[in-house]
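*Asks:* Starting from these lines, generate the structure:
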Amino acid sequence: MAEKSAQNILNAVEKSKQAGLERLIFALGIRHVGEHTARTLVSNLNSLEQIENATREQLMSIHEIGPEVAESIVQFFRQSGNRAVLDMLQKAGVSIKPKHAPKSGKFTGKTFVFTGTLEHFTREEAERKVQSLGGRSSSSVSTKTDFVVAGRDPGSKYDKAKKLGITIINEIDFYNIP
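*Replies:* Numbers count the residues shown, from 1 in each chain. Okay, the predicted model is just below:
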């Protein structure tokens, strides 16, 4: 039993090395960089080298990256200790390639916001669907939002979308998009 448990642990470690650049960026614990921001960074900059070397201005030009987040990223990669950790991870075989290449499709250039309780998707599944069709998801409604997907009991995002004249679709319509 101990040998099988040890092998399961080794297999899990090897599998985790292939989680992709998005997960690595999130796992680094950069202040203000959650899973969504990590995916946004990777989908816009495409490599660890580009993220490491991005200027504050380059980062702020990315939709959803503001000055505070940009500064956190720049400061993180300026620290030699953090770069040393990344070098060690690469030498240990951790993948620094994006897990999901940016795709184009019917949502290319479109931004989606989800509000309310989704019954057919988790938020993460819905965001992955948008990304797989070339679009992006956002956590807030703005004039740059193209669609708001309203689940059960939508909140202030729904109201703001109505006020701004943004197209609102229900979850069933979103679910039926091929």
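*Asks:* Can you give the distance of the one helix or strand in the chain whose mean pLDDT sits lowest from its chain's centre?
*Replies:* Among the helical and strand segments of the chain, the one scoring lowest on mean pLDDT, DSSP states H and E is helix 2-16, with a mean of 77. The chain centre lies 28 Å from the centre of helix 2-16; the measure is CA atoms, centre = their mean, to the nearest Å.
*Asks:* before we move on, what about stretch 29-43?
*Replies:* Put simply, stretch 29-43 sits 6 Å off its chain's centre (CA atoms, centre = their mean).
*Asks:* Give me the mean pLDDT for it.
*Replies:* For stretch 29-43, the mean per-residue pLDDT is 91.
*Asks:* residues in contact with it?
*Replies:* For stretch 29-43, the external contacting residues (CB atoms under 8 Å, 6 or more residues apart in numbering) are 20-23, 25-26, 51, 59, 62-65, 68-69, 72-73, 76, 98, 102, 124, 127, 131, 136-137, 139. For the C-beta atoms, the positions are set from N, CA and C on the backbone; glycine is no exception.
*Asks:* Could you check that stretch and say which residues are buried?
*Replies:* Within stretch 29-43, the residues that qualify as buried are 30, 33, 36, 37, 38, 39, 40, 41, 42, 43, counting by 16 or more other CB atoms under 10 Å.
*Asks:* would a markdown table of those with distance to residue 171 and secondary structure be doable?
*Replies:* Below are these laid out as a markdown table (distance: CB to CB, whole Å; DSSP: H, G, I helix; E, B strand; the rest coil):
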| residue | distance to residue 171 | secondary structure |
| --- | --- | --- |
| 30 | 32 | coil |
| 33 | 29 | coil |
| 36 | 20 | helix |
| 37 | 25 | helix |
| 38 | 26 | helix |
| 39 | 22 | helix |
| 40 | 23 | helix |
| 41 | 28 | helix |
| 42 | 27 | helix |
| 43 | 24 | helix |
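*Asks:* and the residue positioned nearest the centre of the chain, how far is that from residue 61?
*Replies:* In the chain, the residue lying closest to the centroid (CA atoms, centre = their mean) is residue 39, at 2.5 Å. Counting by CB to CB, to the nearest Å, the separation of residue 39 from residue 61 is 17 Å.
*Asks:* can you check residue 160 too?
*Replies:* Per CB to CB, residue 160 is found 24 Å from residue 61.
*Asks:* out of the two, which sits in the busier spot?
*Replies:* residue 160 (17 against 12; other CB atoms under 10 Å).
*Asks:* which residues touch that one?
*Replies:* Residue 160 touches residue 141, counting by CB under 8 Å, 6+ apart.
*Asks:* Can you classify it by secondary structure?
*Replies:* Under DSSP: H, G, I helix; E, B strand; the rest coil, the three-state class of residue 160 is helix.
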